[in-house]
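Peer 1: just coords:
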């Protein structure tokens with residue numbers, strides 16, 4: 001006997017993206033072609049250490065690409081969503097929307 005499809009959409013959410021700090025980063029990167037690390041620190045409120053930790057996880061998952069270089073004499077890091085990351089975020093959005101849509105209307 002086969003199992004019916006899951007209706008627990010919350011259980012299907014990508015746990016790499018679902019972590020609040022990484023969700024903020026993915027959301028910021030989704031709407032731009034790329035962003036430098038300074039912009040991400042300023043827009044997300046993360047510390048440099050937190051940014052590095054979460055970016056490492058996203059990079060290991062193949063969700064972002066990171067290019068390190070220099071602007072003049074200063075280190076400059078540019079981060080962008082990969083095609084895999086953009087697809088993962090699209091899936092995350094659709095799954096979250098389905099999870100929210102399955103909730104009954106509030107008792108107003």
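Peer 2: Sure, I can see it. Note that the structure is a prediction, hence the values are computed from the model and not measured.
Peer 1: Return the residues in contact with residue 14.
Peer 2: Neighbour list for residue 14: 88, 91-92, 95 [criterion: Cβ atoms under 8 Å, 6 or more residues apart in numbering]. For the C-beta atoms, the positions are set from N, CA and C on the backbone; glycine is no exception.
Peer 1: Could you list the low-confidence segments of the protein?
Peer 2: 1-7, 108 (pLDDT under 70).
Peer 1: now the helices: where do they sit in it?
Peer 2: Secondary structure of the chain by DSSP state H: the helices cover 15-18, 20-30, 37-44, 48-60, 83-101.
Peer 1: count of neighbours near residue 65?
Peer 2: 16 (other Cβ atoms under 10 Å).
Peer 1: scratch that, residue 92
Peer 2: As a burial measure, residue 92 scores 20 neighbours (other Cβ under 10 Å).
Peer 1: Now do the contacts for it.
Peer 2: Applying Cβ under 8 Å, 6+ apart, the residues contacting residue 92 are 13-14, 17-18, 26.
Peer 1: any idea how far it lies from residue 23?
Peer 2: 8 Å (Cβ to Cβ, to the nearest Å).
Peer 1: list the residues that contact both of the two?
Peer 2: Applying Cβ under 8 Å, 6+ apart, one finds that residue 92 and residue 23 are jointly contacted by residue 17.
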